[in-house]
Structures are given as structure tokens and as C-alpha cells.
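J.: have a look at this prediction, sequence included:
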Amino acid sequence: APGAWQADNLTDELQARGLTEPNKIKANWDINPAFGGPIMRDRIWFFGAARYNVASDYVAGLYWNKNVNNPNAWTYEPDTTRRVFNEQKQPDTQLRVSWQATPRNKVGGTYYNTSYCFCPTDASATLSWEAGQRAEYPFQRLIAGDWTAPLSSRLLLDVSGQVYKSESNRSPWDDLADGMIPVQEQNTGMRYRAAEVYRIQDQSVYTLRGTFSYVTGAHAFRIGVSNRSGNLGQLEYDKVPVSYRLRGGIPNRITQRALGSWRANVDADLGAFAQDRWTRNKLTLTYGLRYDYFSSSYPEQQIGPTTLAPNRNITFPAQPGLGALHDLSPRFGAVYDLTGDGKTALKASINRYVLAMGPDVSFIQL
């Protein structure tokens, strides 16, 4: 989708208020080949896919700063010949292999790896290119395995596990000069020269799950258990440990930073359940009970010296976090077929759910 195909709503009124150019597509394309088939007839199959996606958009009214990397210039001066854009690039690959080990045992494995670069991710009318961050995800890797075994015509065993590892960083743009102090102009809200804080973040998540099902025509019983554990760590850093706020080019505030790092663990995020469903004539009842257990902790960690805190050396001992937390959640539902032909039904349900827990929002949402 080239930018030439894109319309805009840049009106005389907007231009009179100072907007020179609207948002516009710079590049937008996606290629996604996939291929699969048998490796060994009636026994082993594979399916693989790859993708490369680019989405790049010019930012309305934002231009390159002529004073980039000039340590003696404290103002933002737009170069109207060079528009600023936000850009996303995503290459990924995935492979799935299935093996019919025996007539009743099927084993599967999945490998998935992707990387992202939102470079930059947040340039806007009040955030210059050089003050934005490169939101880089060098890898997000998932390795999973599963085993399915119908023990009989009524019994099914299903077991799976996966390992997920990722890195999520906020980095300075490639050619940013050392020593550039971040600045915000209070009159315009514009931030320029450099970003204040960057980060390196790593994450690991381990998941195991198993279910056992007993199914007949009118009756279905199922029990299962799952557990997730993992850890999350983050290091925050800056290029310069101070930043300034100006008003009309005159400094009126200084911010100083002494950043550090932290780690957190999810020791157990366990769920166990039992559910049952019966159908008698026109009435179907579903009921169950789920048990949840959660425990987290913080390992021993140290915050060492920085430029503005050269003597800092703090050690935090290992300690528990959230937990141990226990919860029971009942589930109940009923369906009554009013006419007996499956076209009109009366339904009712009452259920209880708990919110996922974790040391950090980005961690618990996986």
C-alpha cells in the first residue's frame, strides 16, 4: 500500500493552525509464505511458515531536528525537507511437526521465533526523532510440545508443555551522540536532544498442562491441571543522568537520575479443575470447581553505583512477593431445550473467576 494511494483530511483550517502535513504512509507491505506436507506417509507431517512485515508512517507535522547531536544548541529547529516517521519491522518463522507414533499416540512439536523493531515507536508532534526510543524485541521464542492419547473410545489424555523466552528493550537511536542532555521545552511540550531513560528486559515463562476426559453421549467429565512459572528482569539506564526543562529557552527545572535493575519470579501459578456435564431429556447441566494457587518471590539483588551515586551499594535480600494465595471458583450452567428441537433454549449460568497475578503487567499477560 503506497502512500500515493492514501487520501488525507488536511483542511485550510488545520493549515491555518500550523499543521503543514498530515500522517501519511511511507511503506506498508507484508509477505507470508507457508508450506507443509508429509515427511513419512501416514506417520510424520510438517508445516512451516515465515513472515516479513513492514509498516512505516510519516508523523503529522514532525520534521528532523537540525540541531541533532549539536551539544551547543538547546532549541529544536525543524528541517522541513526531512519528515520523521515511525516504523515497525517484524520477521518471524515457525515450524510445526506432528508424529503419529502409534494409532493411539500423537506427538507434536512447535518452534516459533520472531523479532520486532519499532524504530522509532513514539515520535510525535511533541517528541522528536532523537528523543524517541527504539522499541526492540531481538527475539521472542516459543518451543512447545504436546501428546494426545485416546486411551479408549471414551477416555482421552492430553498433555502439553512450552518454554517461552523473550527480550524487550528500549534503546537509543543508532547515531545519537554521547553527552546529549534530554530537554523539554515547556512552551510547546516538545522533547528533543535525547530520551531520558532506556531499558533492557528479559523474560522466561514455563508452562505445563494436562487434562483427562471421559466422554459418552450424554455425559462428559473432565479434570485437569496447569502450572506456569518464570522470571522477569529489567535494567534501566540512561546516556546522561540529568535532563532539563526550558521555558522560552531558559532553564527552570533539572531532573537527576540514579537508575538500577530488578528481578522478580513467579514460583507457581497453578490451576486445577474438575467439571462435569449431564444431559437428561431437554435439560443439560454443567458444573465444576477450579482451585487456583499463586506464589511469587524476589531473589537477592543489588543496586550498584552510578554516575550521580558513585558510592551506592545496596543489597536487597531474597523475599516473598505476592503469595501464597489460594482460591476456589465454582462454575455452574444450565440449558433447557424449550421446544425439544434445538431451536429455542433457556440458558442460565453463574460463575466465579479470579484475575491473573504477577510481578509485572507485561509478565502476567503472556
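T.: Done, it's in.
J.: now residue 132: how far from residue 19?
T.: 20 Å (C-beta to C-beta, to the nearest Å). C-beta here means a position set from N, CA and C on the backbone, and glycine is covered the same way.
J.: please disregard the earlier target; I meant residue 283.
T.: Residue 283 sits at a distance of 64 Å from residue 19 (criterion: C-beta to C-beta).
J.: name the element the residue nearest to residue 226 when sequence neighbours are not counted belongs to?
T.: Using C-beta to C-beta, 6 or more residues apart in numbering and skipping residues adjacent in sequence, the residue nearest residue 226 is residue 209, 4.1 Å away. In this structure, residue 209 sits in strand 198-215 according to DSSP states H and E.
J.: give the other helices and strands that the next helix or strand after that strand contacts.
T.: Going down the chain from strand 198-215, the next helix or strand is strand 219-237, by DSSP H and E. When contacts are defined as 3 or more C-beta pairs under 8 Å, 6 or more residues apart in numbering; DSSP states H and E, strand 219-237 sits against strand 198-215, strand 261-280, helix 361-364.
J.: who does the helix or strand that contains residue 98 pair up with?
T.: Using DSSP H and E, residue 98 falls within strand 78-102. Strand pairing for strand 78-102, determined by DSSP bridges: strand 44-65 (antiparallel), strand 105-118 (antiparallel).
J.: sorry, back to before: who does the residue nearest to residue 226 bridge with?
T.: residue 160, residue 226.
J.: per-residue pLDDT of it, please?
T.: Residue 209 carries a pLDDT value of 96.
J.: over to the one 3 residues further on?
T.: Reading off the confidence values, residue 212 has pLDDT 96.
J.: who are the neighbours in contact with it?
T.: For residue 212, the contact set (C-beta atoms under 8 Å, 6 or more residues apart in numbering) comprises 155-158, 222-224.
J.: tell me the contacts of residue 46?
T.: So residue 46 contacts 36-39, 95-98 (C-beta under 8 Å, 6+ apart).
J.: which members of these are the farthest-apart pair?
T.: Farthest pair in the contacts of residue 46 (C-beta to C-beta) is 38 and 95. Separation: 14.7 Å.
J.: of those two, who's got more company?
T.: Set residue 38 next to residue 95 and count neighbours by other C-beta atoms under 10 Å: residue 95 wins out with 15 against 11.
J.: for that one, give its distance to residue 134.
T.: Residue 95 is 29 Å from residue 134, where distance means C-beta to C-beta.
J.: could you do residue 50 as well?
T.: Going from residue 50 to residue 134 by C-beta to C-beta gives 24 Å.
J.: repeat for residue 318
T.: According to C-beta to C-beta, residue 318 and residue 134 sit 34 Å apart.
J.: so the two - more neighbours on which side?
T.: residue 134 (20 against 10).
J.: what residues does stretch 186-200 touch?
T.: 65, 67, 74, 76, 126-128, 130-133, 167, 169-172, 176, 180-185, 234-240, 243, 245-248, 252, 255, 257, 259.
J.: lowest-confidence stretch among the helices and strands packed on strand 219-237?
T.: Note on the helices and strands packed on strand 219-237: helix 361-364 shows the lowest mean pLDDT, a mean of 41.
J.: follow-up on the earlier one: what's the angle between the strand holding residue 209 and strand 261-280?
T.: Strand 198-215 runs at 20 degrees relative to strand 261-280, counting by axes from the mean of the first three to the mean of the last three C-alpha atoms, to 10 degrees.
J.: and the angle from strand 198-215 to strand 219-237?
T.: Interaxial angle of strand 198-215 relative to strand 219-237 (the same axes, to 10 degrees): 170 degrees.
J.: list the buried residues in strand 198-215.
T.: By 16 or more other C-beta atoms under 10 Å, the buried positions in strand 198-215 come out as 198-205, 207, 209, 212-213.
J.: pLDDT value on residue 173, please?
T.: pLDDT, residue 173: 85.
J.: equivalent analysis for residue 360, please.
T.: 50.
J.: please shift the residue numbers so they start at 235 in all later answers.
T.: Understood, numbering begins at 235; the last thing we discussed is residue 594.
J.: reformat the buried residues of strand 432-449 as a markdown table; add distance to residue 350.
T.: Output for those, formatted as a markdown table (distance: C-beta to C-beta, whole Å):
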| residue | distance to residue 350 |
| --- | --- |
| 432 | 16 |
| 433 | 15 |
| 434 | 15 |
| 435 | 13 |
| 436 | 15 |
| 437 | 14 |
| 438 | 18 |
| 439 | 18 |
| 441 | 22 |
| 443 | 27 |
| 446 | 38 |
| 447 | 38 |
